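Asker: fold the stuff below for me.
(2 chains)
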Amino acid sequence: MSTGRNLGQRLRMLFSSSYLLYLYLPILILPLFSFNDSYYISFPLKAFTLRWYAELAADPSILAALANSVQIAVVTALLSTALGVLSARALTRGRLRGFKSIVGLIMLPLVIPELILAVSLLVVLNEASLGLGKWAVILGHMLICYPFAVAILMSRFEGFATVLEEASLDLGATPWQTFWRVVFPLALPGIVASFLLTFTISFDEFLIAFFLSSSEPTLPVYLWGQLRFPKKLPSALALGTLIIVVSFIVVAFAEWFRRRHAAAGDAP
Amino acid sequence: MYEFIKQPTSSAPAPGFAITSRISRPSAAWLQLSPGLILVAGALLVPLCLLVTASFWSVSGYGDLDTTFTLANYEKLLERPGYARILLRSIGIAACVTLITIVLAYPLAYFVAFDVRHRKLIWLILITLPFWSSYLLRVFAWKVVLGWNGAINSGLISLGVIDEPFSFLLYNPLSVVLTLSHAWATFAILPIYLSLEKIDRNLFDAAADLGDGPVRRFLRITLPLSMPGVMAAAVIIFIPTVGDYITPALVGGPDGLMVSNLIQAQFGKANNWPLGAAVSVVSIVSVSLLSLLFVFAARRLSASIR
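Answerer: Sure thing, here's the model as predicted:
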């Protein structure tokens, strides 16, 4: 009996490790070939080179796309986190009638294919003659970032008691002072995590930006355009590698920040 | 993803506290919720309604919209079998992806929930991390791996295993299924893990005491109790993958095209927005109906097991 269980455990361990490795393999292919001195993405590897990265740095349209991406991601992250703070606070303080339907409505954009979100926004913006560009992309990105912000911030707000806010108000602080001196510092780890994660979502997002960015392409939209040209493929790999590295650093920092503060003892 | 959102419990007023406190007034709560709800209403609900409306319009001349009511788009979708075929193919591909992803994810979720004791957090972070890399790049990586000159073919050739590259690796429904089931793995592992983690471990001892072996115990306790997680995973994967655009566009080829490519073509090259809107409406409605049917059937099934 006990040897049987160990065998099962070992099999599951073997399967899980290989499955996890399989999940990472394709992502590791990109950096590997981005340092390979050949236009063709195939084995055997040729010499090590940095020329594809040098090619990126020399391309002014990449810098323009990068600037668009960063602007869009920063504004999207700020706005969706701000909305997330308000909503999460409302949802965690006291019982709200229709709680489930409200959360369902907020999470709805996550289960609708992004393409449908993109084309329906396209039709509306066109009918209202509002035009496309960065602001249109920000609107679309807020829609998919806001649910994440709410989810992250709700779990943070559930972590500290309402009593502190009550005390602050009882001691004569105005709601404004209470927010900035009690609620905000306590929620800060969640706010930072939400900002960084929504930044990453917006920075990586392709489809909505593809439909709505018009003449102001983001980095993924620019990358998509490059994929058609075989000669541009290696520098597209280099650009992809940089995008992945940026996302992983931002996410790792967000997780580290969130957990450090969760461990620091401001528990409920 | 929704599992950790629950009705708040920590903020329930403690005994002795006034029930209606200043910070939990319903009106204040609605005021704080309103910006977010306005966003969802303005950027999702209104556009979706307009999309439905636009599906009853038509185009005249060079893509100018004619807003008189017509059923022509839907008639076209019914008359030409090509549209139905692409929709059915999308649904078939998404169903395969859902099934494969769940079957592969279940043992990993089981392993993390029951076998891993000390390094659970590391496993969870490792599982979640790929999700945070760009979806476009993950799909693109598969194109690089599977291509005619790609990593697998050129690797096997340089090792001397094969002489001619395999052509069946890329540009067919199979490569779409492979890529999608890889890209959505996180969304299957996490919900299943969460539902396994919730199972009361005392039940296992009870089953063992009553003479159930490991297999019976799994079939009668673990599997039924983890069904909510499996169902959540199925819905979370099935709905977006039916409508996925990037994967079929990059690795699908002509035989692997899905409904999103059809929609995109109408909003792009073909410049027939009303037809694109009609295809969108048909795909949303059929996918929602199928998901509801699935959830209903799965509930009935798991109720009959217990």
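
Asker: what's in contact with stretch B:82-100?
Answerer: B:76-78, B:173, B:176-177, B:180-181, B:184, B:233-234, B:237-238, B:241-244, B:256-260, B:262, B:279, B:282-283, B:286-287, B:290 (C-beta atoms under 8 Å, 6 or more residues apart in numbering or on different chains). (Each C-beta comes from the backbone N, C-alpha and C, glycine too.)

Asker: does A:V183 count as helix, strand or coil?
Answerer: Using DSSP: H, G, I helix; E, B strand; the rest coil, the three-state assignment for A:V183 comes out as helix.

Asker: what's the nearest residue to it if we skip its chain neighbours?
Answerer: Sequence neighbours aside, A:E165 is the residue nearest to A:V183 in space, at 6.3 Å (criterion: C-beta to C-beta, 6 or more residues apart in numbering or on different chains).

Asker: test my guess that B:P130 contacts B:T186.
Answerer: Yes: assessed by C-beta atoms under 8 Å, B:P130 is found in contact with B:T186 at 6.5 Å.

Asker: wait, B:N149 touches A:Y39, no?
Answerer: No: in this structure B:N149 lies outside contact range of A:Y39 using C-beta under 8 Å: 10.3 Å.

Asker: the residue nearest to A:V183: what's it in contact with?
Answerer: Neighbouring residues of A:E165 by C-beta under 8 Å, 6+ apart: A:93, A:178, A:182-183, B:23.

Asker: now do the helices in the stretch 51-200 of chain A.
Answerer: Per DSSP state H, counting those that start in this stretch, the stretch 51-200 of chain A has helices spanning A:51-57, A:60-92, A:99-111, A:114-127, A:134-157, A:163-170, A:175-178, A:184-204. These are given in chain order.

Asker: can you list these in TSV and add mean pLDDT and distance to B:F267?
Answerer: Output for the helices of the stretch 51-200 of chain A, formatted as TSV (pLDDT from 0 to 100; distance: least, C-beta to C-beta, whole Å):
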stretch	mean pLDDT	distance to B:F267
helix A:51-57	87	31
helix A:60-92	93	21
helix A:99-111	90	19
helix A:114-127	92	5
helix A:134-157	93	14
helix A:163-170	84	48
helix A:175-178	85	46
helix A:184-204	90	22
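
Asker: what angle sits between the helix or strand where B:A141 lies and helix A:184-204?
Answerer: Per DSSP states H and E, B:A141 falls inside helix B:135-146. Relative orientation of helix B:135-146 versus helix A:184-204 (axes from the mean of the first three to the mean of the last three C-alpha atoms, to 10 degrees): 40 degrees.

Asker: those residues of the stretch 151-268 of chain A touching chain B, which are they?
Answerer: A:151, A:154-155, A:158-159, A:161-163, A:165-166, A:169, A:197, A:200, A:204, A:206-207, A:211, A:220, A:223-224, A:227, A:236-237, A:240, A:243-244, A:247-248, A:251, A:255, A:268 (C-beta under 8 Å from any C-beta of the partner chain).

Asker: can the contacts of A:E165 go into JSON lines with extra columns for distance to A:R10 and neighbour count?
Answerer: Converted to JSON lines, these look like this (distance: C-beta to C-beta, whole Å; neighbours: other C-beta atoms under 10 Å in any protein chain shown):
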{"residue": "A:R93", "distance to A:R10": "48", "neighbour count": "21"}
{"residue": "A:T178", "distance to A:R10": "55", "neighbour count": "20"}
{"residue": "A:V182", "distance to A:R10": "51", "neighbour count": "18"}
{"residue": "A:V183", "distance to A:R10": "49", "neighbour count": "20"}
{"residue": "B:I23", "distance to A:R10": "53", "neighbour count": "18"}
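
Asker: how about the helices of the stretch 51-200 of chain A, which one is nearest B:P214?
Answerer: helix A:134-157 (34.9 Å; C-beta to C-beta).

Asker: and A:F48, what are its phi and psi?
Answerer: Backbone torsions of A:F48, given as degrees, to the nearest 10, read phi -70, psi 140.

Asker: and it, what's its pLDDT?
Answerer: In this model, A:F48 is scored at 87, pLDDT.

Asker: A:D37 is in contact with that one, correct?
Answerer: Yes: counting by C-beta under 8 Å, A:D37 is a contact partner of A:F48 at 6.9 Å.

Asker: more neighbours: which of the two?
Answerer: A:D37 (13 against 8; other C-beta atoms under 10 Å in any protein chain shown).

Asker: spit out the contact partners of that one.
Answerer: Contact analysis of A:D37 by C-beta under 8 Å, 6+ apart lists A:46-49, A:51.

Asker: export the residues you listed to a markdown table and tack on distance to A:A64?
Answerer: What follows is the contacts of A:D37, written out as a markdown table (distance: C-beta to C-beta, whole Å):
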| residue | distance to A:A64 |
| --- | --- |
| A:K46 | 31 |
| A:A47 | 31 |
| A:F48 | 29 |
| A:T49 | 25 |
| A:R51 | 22 |
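
Asker: any idea which of these is closest to chain B?
Answerer: Chain B has its nearest neighbour among the contacts of A:D37 in A:K46, at 11.8 Å by C-beta to the nearest C-beta.

Asker: for that closest one, grab phi and psi.
Answerer: phi -90, psi -150.

Asker: try A:F206
Answerer: Residue torsions, per degrees, to the nearest 10, at A:F206 are phi -110, psi -50.

Asker: show the subsequent helix or strand relative to the helix holding B:A141.
Answerer: Toward the C-terminus, helix B:135-146 is succeeded by helix B:151-158 as the next helix or strand (DSSP H and E).

Asker: check which residues of that next one are buried.
Answerer: Residues of helix B:151-158 classed as buried by neighbour count (16 or more other C-beta atoms under 10 Å in any protein chain shown): B:151-154, B:157.

Asker: of those, list those near chain A.
Answerer: Among those, chain A is touched by B:151, B:153-154, B:157 when using C-beta under 8 Å from any C-beta.

Asker: let's have these in TSV, adding pLDDT.
Answerer: Shown next, in TSV, are these (pLDDT from 0 to 100):
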residue	pLDDT
B:A151	82
B:N153	85
B:S154	84
B:I157	86
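
Asker: re the thing from before, and the furthest pair within the buried residues of helix B:151-158?
Answerer: B:A151 and B:I157 (11.0 Å).

Asker: what residues are shared contacts of the two?
Answerer: Common contacts of B:A151 and B:I157 (C-beta under 8 Å, 6+ apart): A:F43.
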